[in-house]
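1. Predicted structure and sequence below. I'll ask about it afterward.
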Amino acid sequence: MLTVKKKVILLSCLGIIPFYSDILINLINNFYNVKLFEQINLVSYFYGALISSFLCGMQWIKFIDNKKKNLYIPMIPSILLWISFFFSDKIFFQLTVIISLLWCLVVDISILNKVNKQWFKKMRIVITLTAILPLLYNLFINKINRI
């Protein structure tokens, strides 16, 4: 039987898989010389935006419960994400997803410093960095290879 801690770690690790979807699609396309799913090359970024918005909502509840005055702080990434998605370049949206995931990590760490959950703090750092790596690869390395 899994403890709550193990369930959280397992679900968090499984949640990283979609961040690697763009890389997997590119590998399949290059290996088999096909153009499978070429039109959905931003899947991992949309997923990152969704996850970031979810994290912002969770943090917002914590700010409300603790009667903090700066209720806007957890919502900044979510607002910027959706504005950048609808009104800016694709690259700005991609950078905003990466920055918002980092922002959520910083806010979570500041909240967790007051709680004795060091394992969760360490896990959040590892999970966030593991999620951001393929986004950075898709943004910079993959673009260079296409040129």
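-> Arrived safely, thanks for sending.
2. and the residue nearest the centre of the chain, what does it touch?
-> Compute the mean C-alpha point of the chain, and by Cα atoms, centre = their mean the closest residue is residue 48, 3.7 Å away. Residues near residue 48 by Cβ atoms under 8 Å, 6 or more residues apart in numbering: 19, 97, 98, 100, 101, 131, 135. Any C-beta I mention is one placed from the backbone N, CA and C, and that applies to glycine too.
3. who wins for most neighbours among the residues you listed?
-> Top of those by neighbour number is residue 97, holding 29 neighbours under the definition other Cβ atoms under 10 Å.
4. Name the helix or strand for the closest residue to that residue other than its chain neighbours, please.
-> In space, and not counting its chain neighbours, residue 97 is closest to residue 48: 4.2 Å by Cβ to Cβ, 6 or more residues apart in numbering. Assigned by DSSP states H and E, residue 48 belongs to helix 43-65.
5. Check the residue located most distally from the centre of the chain and give its pLDDT.
-> Relative to the centre of the chain, the most outlying C-alpha is that of residue 33, 29.7 Å out, by Cα atoms, centre = their mean. Listed pLDDT for residue 33 reads 72.
6. And for residue 134?
-> 93.
7. Also residue 24?
-> What the model reports as pLDDT for residue 24 is 84.
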